[in-house]
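In: got a predicted model here, sequence first, then my questions.
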Amino acid sequence: MLTTRTILLTAAAVAGLPAINAEALTPLSTDLSIDPGIVDGPSEHATLAPSAFERQPDSAYEPIARITNRRAHLQCVPFARAESGVDLHGDAYTWWNQAADRYERANTPEEGAVLVLHGYNDPNRGHVAVVKEIVSPRMIIVDHANWLNHGEITRDVPVRDVSPNNDWSQVQVWYVPTRQWGARTYDVQGFILNVVQPARQAIAQAHVQTASAAIKAAS
């Protein structure tokens, strides 16, 4: 079998070149990169089609929802405020309207947003939770407090869209004690994003400029 060394020496002799060090002419990457295990044709791993890596259906999702603090003694509002940075106060059922002039609101979930439920049991009941992850177009993971009415903190809780139009107007929540979907359907007002409304930003900037002007005038 002809080696790279033999080929180089023969080529030098034919060209009438003086004796040379063939080792110096041999690229290190040539001989060292030869792998006798490589064969012509596609690798066996090439049989893995992209479909093999597609996301599993929602029904295959295995929840890890759990109560992480049974003695937190927290309502859903202070928990959501601390976790999301959305600085709203008052009862959960008032958050959606409160956010109208302060924060961006959306009809579809985004990570870090506050999910606002309303109207279960009575019109003056509400609940807020923080979106931790988007699993699919119809399933999200949230963290929240006091869902079981004991002031506990529960994390990694699946919430699924069950609305007829797939518009996140109605959801079901994973029920941790029984490890299954809750039977009750909840109405959704929407999702509050931790993004201050542009108009409110302009007002805040105007206040800053006014204060700065007053300070300069006083000095």
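Out: Structure received.
In: just the element for the closest residue to residue 111 other than its chain neighbours, please.
Out: Excluding its sequence neighbours, the residue lying closest to residue 111 (C-beta to C-beta, 6 or more residues apart in numbering) is residue 131, at 5.7 Å. The C-beta positions use only the backbone N, C-alpha and C, and glycine is treated the same way. Element membership for residue 131, per DSSP states H and E: strand 126-136.
In: now that strand: buried residues?
Out: Going by neighbour count (16 or more other C-beta atoms under 10 Å), the buried part of strand 126-136 is 126, 127, 128, 129, 130, 131, 132, 135.
In: also stretch 97-112?
Out: For stretch 97-112, the neighbour count (16+ other C-beta under 10 Å) marks 99, 102, 103, 105, 109, 110, 112 as buried.
In: quick check: the farthest pair among the residues you listed?
Out: The span of those, defined through C-beta to C-beta, is set by 102 and 109 at 19.4 Å.
In: picking that back up, packing partners of the strand holding residue 131?
Out: On a contact count with 3 or more C-beta pairs under 8 Å, 6 or more residues apart in numbering; DSSP states H and E, strand 126-136 meets helix 76-84, strand 114-118, strand 139-145, strand 153-161.
In: would you reformat those as JSON lines and include mean pLDDT?
Out: Listed next are the helices and strands packed on strand 126-136 as JSON lines, based on pLDDT from 0 to 100:
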{"stretch": "helix 76-84", "mean pLDDT": "97"}
{"stretch": "strand 114-118", "mean pLDDT": "96"}
{"stretch": "strand 139-145", "mean pLDDT": "97"}
{"stretch": "strand 153-161", "mean pLDDT": "97"}
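In: format the buried residues of strand 126-136 as TSV; extra columns: pLDDT and distance to residue 158.
Out: Converted to TSV, these look like this (pLDDT from 0 to 100; distance: C-beta to C-beta, whole Å):
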residue	pLDDT	distance to residue 158
126	94	20
127	96	15
128	98	17
129	98	11
130	98	14
131	98	12
132	97	10
135	94	7
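In: okay, the residues you listed in CSV with distance to residue 151 next?
Out: Formatted as CSV, the buried residues of strand 126-136 follow (distance: C-beta to C-beta, whole Å):
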residue, distance to residue 151
126, 17
127, 14
128, 15
129, 15
130, 17
131, 21
132, 20
135, 27
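In: okay, helices next: where are they in this protein?
Out: Taking DSSP state H to define them, one finds helices in the chain at 4-14, 22-25, 28-32, 76-84, 95-99, 198-218.
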